[in-house]
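Participant: would you be able to build a 3D model of this:
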Amino acid sequence: SKVADAPLDVKYAEVPATGRVMNLSAGNAALPIEVLERAQKEFANWKGKSISVAELGYRTGWFHEVQDATETKFKEMLDIPDTHEIFFFNGGATLQFAAIPMNLMGGAQPTNPTG
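Facilitator: Purely as a prediction, here's the structure:
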């Protein structure tokens, strides 16, 4: 639609406590400057390995090192027990909206034959 395709007219303002602009709209969250600086430093040369973390093949040991460390940190920060699995999906809100009806259906259905 024309409304959805039109850019938002957002007025950003600096937050005096941090000296940075903060996006309070839906979508991206504000990250601590230290996180952004580390990501910037390691983005093009992850851990001095001369490869970007965005270029790592998902079947490589290096990628699994990132994934395993991230899963461990999630479990620690959110106190997730070992009886639960953590899944990483791309797709954002579109995937979440698609998952709602599948979760509400319960059991095997024509749209979800494996249940």
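Participant: what residue of the chain is the furthest out?
Facilitator: Within the chain, Pro110 marks the point farthest from the mean C-alpha position, 30.9 Å out by C-alpha atoms, centre = their mean.
Participant: what's the separation between that residue and Val35?
Facilitator: Distance of Pro110 to Val35, computed by C-beta to C-beta, to the nearest Å: 45 Å. From N, CA and C alone the C-beta is placed, and that goes for glycine too.
Participant: again, but for Tyr12
Facilitator: 19 Å.
Participant: can you pull the phi and psi angles for the closest residue to Ser52 other than its chain neighbours?
Facilitator: Nearest residue to Ser52, sequence neighbours excluded (C-beta to C-beta, 6 or more residues apart in numbering): Ala44, at 5.3 Å. Main-chain dihedrals, Ala44, degrees, to the nearest 10: phi -80, psi -20.
Participant: tell me, how many residues neighbour Ala44?
Facilitator: 12 (other C-beta atoms under 10 Å).
Participant: correct me, but it touches Ser50?
Facilitator: No - assessed by C-beta atoms under 8 Å, Ala44 is found out of contact with Ser50, at 9.0 Å.
Participant: flag the shaky bits of this protein, pLDDT-wise.
Facilitator: Filtered on pLDDT under 70, the chain yields the residue ranges 1-4, 8, 24-28, 106-109, 111-115.
Participant: please, where are all the strands along it?
Facilitator: For the chain, the strands defined by DSSP state E occupy 14-15, 20-21.
Participant: any chance of those in JSON lines, plus distance to Thr94?
Facilitator: What follows is these, written out as JSON lines (distance: least, C-beta to C-beta, whole Å):
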{"stretch": "strand 14-15", "distance to Thr94": "31"}
{"stretch": "strand 20-21", "distance to Thr94": "27"}
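Participant: could I get those strands in JSON lines, plus columns for mean neighbour count?
Facilitator: As requested, the strands of the chain are exported to JSON lines (neighbours: other C-beta atoms under 10 Å):
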{"stretch": "strand 14-15", "mean neighbour count": "11"}
{"stretch": "strand 20-21", "mean neighbour count": "12"}
